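Asker: sequence below, structure please.
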Amino acid sequence: PWQLPPGDESALLRIGQEALMNVAKHSGATQARILLEYGASSVRLHVCDNGAGFQTTPSQPVAAPGPWGGFGLQGMRERLEALGGTLEIASDGGAQVIATVPRREG
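Answerer: Here you go, the predicted structure:
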């Protein structure tokens with residue numbers, strides 16, 4: 001592990017919170033797993049569950065931020081893109097959200 005710039009750290013925290021809120025509210029999952037991986041050139045946050053999953057087609061509407069401060073998948077993607085990162089989502093036997101932020105100096 002290495003020190004993340006505060007903005008990167010905050011983004012990963014918020015994305016993790018949003019992903020877990022989605023698990024609790026929508027998935028019907030009995031398990032959720034979180035993995036934070038440090039590589040030589042990036043940090044990756046992986047949140048997955050064993051729930052119902054979701055539709056991942058491009059025509060899927062993007063929900064507006066909710067009353068508890070949620071910002072949805074589009075908000076996650078925008079936050080990561082501002083940091084030069086990426087968001088991957090998959091729905092195969094549950095949902096998977098993978099947020100990757102490149103290594104930058106603080």
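Asker: next, the contact list for Leu80, please.
Answerer: 11, 15, 86-87, 99-101 (CB atoms under 8 Å, 6 or more residues apart in numbering). Just so you know, the C-beta spots here come from the backbone N, C-alpha and C atoms, and that holds for glycine as well.
Asker: pull out the buried residues from the helix ranked longest in the chain.
Answerer: Scanning the chain for the longest helix, with DSSP state H as the assignment, gives helix 6-22. Neighbour counts using 16 or more other CB atoms under 10 Å place 8, 11-12, 14-16, 18-19, 22 of helix 6-22 among the buried residues.
Asker: cool, and stretch 48-57?
Answerer: 48-51, 53-54.
Asker: can you give me the strands for this protein?
Answerer: 32-38, 42-49, 86-91, 95-102 (DSSP state E).
Asker: looking at the ones you listed, which one has the lowest mean pLDDT?
Answerer: Among the strands of the chain, strand 86-91 carries the lowest mean pLDDT, a mean of 91.
Asker: export that strand as CSV, just CAs?
Answerer: Once non-C-alpha atoms are left out, strand 86-91 reads as follows in CSV (Å, rounded to 0.1, in the frame of the first residue of the first chain):
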residue,chain,number,x,y,z
THR,A,86,-12.4,4.0,-14.7
LEU,A,87,-15.5,2.2,-13.5
GLU,A,88,-16.4,-1.3,-14.5
ILE,A,89,-19.8,-2.9,-13.7
ALA,A,90,-21.0,-6.4,-14.3
SER,A,91,-24.0,-8.4,-13.3
